[in-house]
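In: Provided below are the primary sequence and the corresponding predicted coordinates.
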Amino acid sequence: MKTAAATESTKSILDQASRLQEEGASLPLNQMTGWKTYRNEGHGYEIKYPEGWEVIEAQPRVDAKATWAGNVLLEEELQKGTFLEKEYIDWPGEFQIRVLSNPD
């Protein structure tokens, strides 16, 4: 049941993001001053992120030790970057970009 709820939640978020993109929603350029650009030439994308955030690129797992999932590539992941807010008050901002394999 949790999987179905998570799938619906993800679908809702993707629908909202798609709608905003179609409407041309974006931050005003003056709010993006000082932002950095992360580029991944191998997978052909780039993304802007706020100054004061750090980027953690996941690496292949080398042993069976427990570790934070943002640090390691999971089986189906080709590439993963986690963007973390360095300074925060209550809870850090975080988002991930994951490139997954597609056997089709």
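Out: Okay, I see it.

In: Least confident secondary structure element in this structure?
Out: helix 2-22 (a mean of 58; mean pLDDT, DSSP states H and E).

In: Could you pull up the mean pLDDT of the helix or strand just after that one?
Out: Next in sequence after helix 2-22, counting helices and strands by DSSP states H and E, comes strand 36-40. Here strand 36-40 scores 92 as its mean pLDDT.

In: Could you give me the buried positions within the next helix or strand after strand 36-40?
Out: As assigned by DSSP H and E, the chain's next helix or strand after strand 36-40 is strand 45-49. For strand 45-49, the neighbour count (16 or more other C-beta atoms under 10 Å) marks residue 49 as buried. Any C-beta I mention is one placed from the backbone N, CA and C, and that applies to glycine too.

In: who are the neighbours in contact with residue 100?
Out: 76-78 (C-beta atoms under 8 Å, 6 or more residues apart in numbering).

In: again, only using 6 Å
Out: Taking C-beta atoms under 6 Å, 6 or more residues apart in numbering, we find residue 100 in contact with 76-77.

In: what about this protein, any weak spots by pLDDT?
Out: Applying pLDDT under 70 to the chain flags residues 1-18, 20-21, 24-30.

In: Can you check which strand is longest in it?
Out: For the chain, the strand reaching the highest residue count under DSSP state E is reported as strand 77-85.
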